[in-house]
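# coordinates only, sequence not included:
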């Protein structure tokens, strides 16, 4: 930039309006109700931790969380009924948050998924009671060193980490905002708000604590690393467009801004800013999505984290992250489609294939599901690339279908236990079908849904996405997709073979009889899987109505 | 002075931070490097804000600081608990889960 | 609207499956009876369908159509043409025999656990398969068909992998290993085919904007839909690949011997006589109807593949040591004939192919089920372990022989009619192919008679000296099949009358005329 | 009247059904039932015959259509019958001889616990054979054609516990299948050429198509005939077929089924008449087989195998005659009928001999039996005279005519060749039949103790044989002798009855136009020549076997003899080329299927597994390496986006 230009910058900078003119922000509380309810409940939860006696905490927290999530969901439904999904859609909170179809649909999905997975958080019948205290899957006292006297004492005293409930509520808050974020700052904040609690949640497993902590560290460091990239990307895009609001960015990118001051003109000329920035933001989101090559945290974290948390993460995070991705690409950077589409193509392909291929040789059920989630991320990306309304709605539908299958599957994983807690090694699952046909059958249903066998939600979703992709002209992607689903089918089948066709081992694991909580989770999972498989029409309509972004 | 140079500096800092994340073993140091990257971002924001002559960038910088602080809290908690159970803050020692 | 009889025919067995599965573990026999009754009820339903179908009438009859998944342009559309109705009847007819033949196949060896209920599962799965197969024969919506085409793999998979043939060589462990290998192979082969087809199905929608056969046909007729040649060919290949795996056509056949070898005889019948027919049926229904041009384009290659299947399958059957694998390869050969008849694209060929599906179902069922009875008596699948059975169990041997003669399509038995029609139809269009295919009849005689000679004749082996003859239940299975084989061999008219109009429709789809005899042509 | 036709088939078919499905409770009356139904069918045939005689020559043919069998667009096959003079001849022969042999079997199979089933099979055979000859289209004929094949398969392998029998049965069926291929291809050709395969239209329209096509059809029909009538090169099964019970050999493998080929050719006369090349092929096949069978017959020591060779040779005569066209058809059929009488008689005689000799079949272990079983001796003797063509007996009339016709093939070299061959055949026939006669009934006893059935599977079961016991030959029961006597009558008089005034030829003329042959040399000359070679043959045989004692164990013999014992090595050829080759082929294909076709698939799966294993290594558990991949990924991402823009 030449000196004169700098000078002009200088002067324009001097003519900034006096601060007094800044309008006081007005917040549409009604439209933001879902978020506010959840965050409020989270804060309350902290207070509960502080003041409610230990014995009562579990029930108080469980009650609070459930009610809050239910209420929030009710609010979402109310908004949708109020037409905010379609006709009334608007941008709230000074342009920070969009209240439109995709946002509401995804928020609803997240809330429902969270609700059922919170039940698995609260499950405390799986392990035999220690010292007369029911125990759940979270450490008695996360701060205590594993195996130390301190820990033993905590266990003896029957401590439980009820903090997980407020934590999960905070995480959900972030996830609710994430897909609704309408400017890059909100995006970043929402990302952090749901990431930080998740880091902590990963660390508080009751058993295999070393692995749990390791998972947390890896997730945290890599997460922070990626969010740094994201932030830098934001900075660059801001530099390019002079604003972080999606609408503004889109205008600038398309060159349809009314007033162009020289500084903007100058930065607008420099596409590198935009492209690099966009790429960095994309990377930050793809990391959360778990797309190759940003996926490598997934297996380790999924394996190490307490299984309920894994289920929650796998489902809700993906939903939120894809929501944000969609909004970014469709609202902020549609003008850049020609640039990001080819890249996304490549990423989608390697993600589908990579996830499927590496999963073949996995020996731990949680890692297996992690890789399968990677493969599924690839399938969803195929829908994202379509850049058509069908693309959006197909992705929305897929996310809905996928999240419940995932939560259900992980809930089943929590049931299969031996002396060392959950028996996650595949060899332990041999002959499960003979021991407890029902559990095995349920898990088989989930696996078939993952594999995308017709009459399950997995197939409907896969079909919707592939159809959208094909109509969007990505036929080759569809072919790669079906090939990798064929590969993926192999390892899902392998697990089924293991469960049903191989003789049970004498020292095999036992299947714990869960409380109604987990039963509800699994039941809902199965129900949704089959309903979306047999009669998806209603939800497809919902998705396609919700398939339009506000701008 | 030309604000563009601040951008170069920001990029430099960011790269240094990233490199640090990649090469340092000690979790604390790695984490510090991440902080460095965040601050590089802040610098970039401020510089751009200056160029465009609007305040968004500077406000964002404040938000970033808060987030960074929050990250420190969470991060240190995790790292310390890891250190206490393993008596080592090396990132590479934490590799139970692989393949 | 009238009573949805087609849906009923498919729903009935499905309900039966649920009821059967719900029978408490201890009430094993009850479950069997429930299953049998439901299958018989389905047979009655199918009979009603057969009666209410008017050969002269519209192409698709008893149609039903309901909105299903609008977003995918999918409707729940059912309807049967002459071919479909016959296949439905065949399926409904065979299942009771399958159930009856498998009466004791799923009795638990030792009670594993009170919750483990193999018997209920076995019969429920069989009925599930029936439901899906029947519906797939009735579906006139490509998507609906595809769904069932894929979904029926799952119950089949559990039937193969979960209830293996108790007669096996070697230890239980490696038997279980072979069994699950066979099951996985079956599933992956067909799943792969199905997924390729999925791509084609989506492609079809993108091109045609609809899944309904009738709509697409109209669009083609009105010219509003004209596929680019390459597109049509690619889509055709996508569909055909899946069907060729299911059929199975050389070189995609290798899953069949494993599956049929490891599965119990009734399940093997289910595979080859019922499920695989969906593949050949779909070639007629979808490949020719949706992609006539591409079908004609691909004909030469497909005919060659079919010929290879015929000769290759027969030769491999000769080389087998395992009775059931032998029958499996024989089936490969027969499927070769069916495909040949379909793609010869002459009236005789296609009527013959359709008849062949029915007759092959009956003959293989007869042969395989008797083989199953034989194997269950001796506990071995190896041909070498038998000899002189004819002396100790003449009825068993006799029925086995008749089954074998049907397999080698002896004139007077049903398969002859269809095989000859296929041969004539092929010969009229492709003389050389017709002649090569004729070698199949010699090879068929070879493997059948070798099998019979080695197992039934010669000095009585000590192991078979005490072998009991067929029981009443077993006779009840075999006798009706044989009776049908004889009847349809002498009087196939009832079937041909139903089939012919449908065949004419297909012929007009592909715009083919039968080659006229030289004498007339000369005039 | 025509409605009776179906009864011809229905009666024995009913019998077969009842006997085979009836179960043990029918064991006691089964054989009577079977015989009764065979007889019934004969009666029906006779009635129809009388009715037919009542009509003029041209309107004698009867038609009956039961129902349309395979109605498919452009393809009509009916279950319909046609009973003309030709069919009628066969009907009478089949039912007549058939009934006699049923009666014979009652005694012969008396001790066999599966006699009921035996009669069931016999009835099945009758039904199929009758269907074959009264069908009015080639497809229905095909049904009968394969039906008799099946019956023959079942009957040859009737004593299934004998591996040799089972194998022989299988061989017979397979070789016949090769012939059937010819028939089905012929039918396809007819369909594509004429659009139908009913006798009337096809044979009527031969003028409208090319000679080439007709030749092709003719050759295919010839192939079929070769299979069924054991003509070279498909003759190998007939010798082994003698594993079956002797009545079977008499009925199926001498009198009726094996002559079906001749029927087919004569029936298709119109086609052959228009295709001289095909005719030549027929004649050649006939001539070759004629010699082949005769030579084989000379070397066999097994009485039935010797007779089988003779059958082959005699059918060779018929085929040769059939190949000659209108001049030969009538004589072919005539010889067929007479041969039906005397060859059946000979076989029954042989059976009776075996019956008396503990089922010994080796003629070297007979000798001097004429005193012990006079009736058998006389009937057999008459049959012998008939077959060698002793003047006045049946064989003389029929065979002599064929020889004449052969000389009349054309007035060139071919006439001489085929005539000569036919003549030579007559001589050889005289030789081997005399040999059989002498070795069996004359000379000194060469009986051997009975073999041990446990050690030697070749013993027919049911007839209780105490090992080591010397045979005590005795005349067979009346149920067996009566048929022999009846047949003997036929073999004596039938020929003369037919030939006086060309009665038979004229009877057939409406179906197979009849022309008088004009041989290259005069008829009397031919007759005398025949007599000469005949006497020569008989004389040589006498000098070789009657004059000096017959060794019990066969001498090594000349090369030709040894070859002839092994059916002129034709079996060995089959074994080496077809059987061994086939085994190798199948075995290698099994390997291919397993390691190539299947290998490819498994290979792909395995390769994915390997790839997966390698990629897995990237997940090495070090957070920093994950960071590297992220960093690298981002770098690529950025580079890619920038490049996109640059390009």
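On my side now, so go ahead. Given the structure is predicted, the values throughout are model-derived calculations rather than measurements.

# Near chain D, which residues of the stretch 301-450 of chain A? Just list them.
A:338-340, A:342-343, A:346, A:354, A:357-362 (Cβ under 8 Å from any Cβ of the partner chain). Backbone N, C-alpha and C define where each C-beta goes, glycine included.

# could these be laid out in TSV, adding secondary structure, neighbour count and distance to residue D:188?
Output for those, formatted as TSV (DSSP: H, G, I helix; E, B strand; the rest coil; neighbours: other Cβ atoms under 10 Å in any protein chain shown; distance: Cβ to Cβ, whole Å):
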residue	secondary structure	neighbour count	distance to residue D:188
A:338	helix	9	62
A:339	helix	20	65
A:340	helix	25	64
A:342	helix	16	58
A:343	helix	21	62
A:346	helix	13	57
A:354	helix	22	56
A:357	helix	24	52
A:358	helix	29	57
A:359	helix	26	55
A:360	helix	22	51
A:361	coil	19	55
A:362	coil	24	58
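
# May I see those residues arranged in JSON lines, with distance to residue D:257 and pLDDT as well?
Formatted as JSON lines, these follow (distance: Cβ to Cβ, whole Å; pLDDT from 0 to 100):
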{"residue": "A:338", "distance to residue D:257": "83", "pLDDT": "84"}
{"residue": "A:339", "distance to residue D:257": "85", "pLDDT": "85"}
{"residue": "A:340", "distance to residue D:257": "83", "pLDDT": "87"}
{"residue": "A:342", "distance to residue D:257": "78", "pLDDT": "88"}
{"residue": "A:343", "distance to residue D:257": "80", "pLDDT": "90"}
{"residue": "A:346", "distance to residue D:257": "75", "pLDDT": "92"}
{"residue": "A:354", "distance to residue D:257": "71", "pLDDT": "92"}
{"residue": "A:357", "distance to residue D:257": "65", "pLDDT": "93"}
{"residue": "A:358", "distance to residue D:257": "70", "pLDDT": "92"}
{"residue": "A:359", "distance to residue D:257": "67", "pLDDT": "92"}
{"residue": "A:360", "distance to residue D:257": "63", "pLDDT": "91"}
{"residue": "A:361", "distance to residue D:257": "66", "pLDDT": "90"}
{"residue": "A:362", "distance to residue D:257": "69", "pLDDT": "90"}
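
# now, which of these sits nearest chain C?
residue A:360 (11.9 Å; Cβ to the nearest Cβ).

# so what's the residue nearest to that closest one when sequence neighbours are not counted up against?
Spatial nearest neighbour of residue A:360, excluding adjacent residues (Cβ to Cβ, 6 or more residues apart in numbering or on different chains): residue D:612 at 4.1 Å. Counting by Cβ atoms under 8 Å, 6 or more residues apart in numbering or on different chains, residue D:612 touches A:357-361.

# With residue D:230 instead?
D:237-238, D:258, D:289, D:311-312, D:315.

# count of neighbours near the nearest residue to it once chain neighbours are set aside?
Of all residues not flanking residue D:230 in the chain, residue D:238 sits nearest, at 3.8 Å (Cβ to Cβ, 6+ apart). Close neighbours of residue D:238, defined as other Cβ atoms under 10 Å in any protein chain shown, add up to 28.

# Residue D:238 and residue D:311 touch, don't they?
Yes. Using Cβ atoms under 8 Å, residue D:238 is in contact with residue D:311, at 6.8 Å.

# contacting residues for residue D:279?
Contacts of residue D:279 by Cβ under 8 Å, 6+ apart are D:218, D:272-273, D:323-325.

# how deep is the nearest residue to residue C:185 once chain neighbours are set aside tucked in, by neighbour count?
Using Cβ to Cβ, 6+ apart and skipping the chain neighbours, the partner closest in space to residue C:185 is residue C:255 (4.8 Å). By other Cβ under 10 Å, 25 other residues sit near residue C:255.

# Same question for residue B:59.
14.

# Could you confirm whether the regular element (helix or strand) spanning it reaches chain D?
Here residue B:59 sits within helix B:56-86, counting by DSSP states H and E. No. Taking Cβ under 8 Å from any Cβ as the criterion, helix B:56-86 and chain D are apart, separated by no less than 11.3 Å.

# which helices and strands sit right next to that helix?
Helix B:56-86 sits against helix A:184-202, helix A:209-241, helix B:27-52, with contacts defined as 3 or more Cβ pairs under 8 Å, 6 or more residues apart in numbering or on different chains; DSSP states H and E.

# ok, back up a step: tabulate the contacts of residue D:612 (CSV), appending distance to residue C:356.
Output for the contacts of residue D:612, formatted as CSV (distance: Cβ to Cβ, whole Å):
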residue, distance to residue C:356
A:357, 41
A:358, 46
A:359, 42
A:360, 40
A:361, 44
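
# ok, residue B:10 to residue B:33 distance?
Taking Cβ to Cβ, to the nearest Å as the measure, residue B:10 falls 15 Å from residue B:33.

# Pull out the buried residues from the longest strand anywhere in chain C.
Longest strand in chain C, counting residues (DSSP state E): strand C:61-69. Going by neighbour count (16 or more other Cβ atoms under 10 Å in any protein chain shown), the buried part of strand C:61-69 is C:61-64, C:68-69.

# what bits of the stretch 101-250 of chain C have low per-residue confidence?
Where the stretch 101-250 of chain C drops to pLDDT under 70, the residues are C:109-116, C:167-171.

# Mind telling me which residue of it is nearest chain B?
As assessed by Cβ to the nearest Cβ, chain B sits closest to residue C:184 within the stretch 101-250 of chain C, at 23.6 Å.
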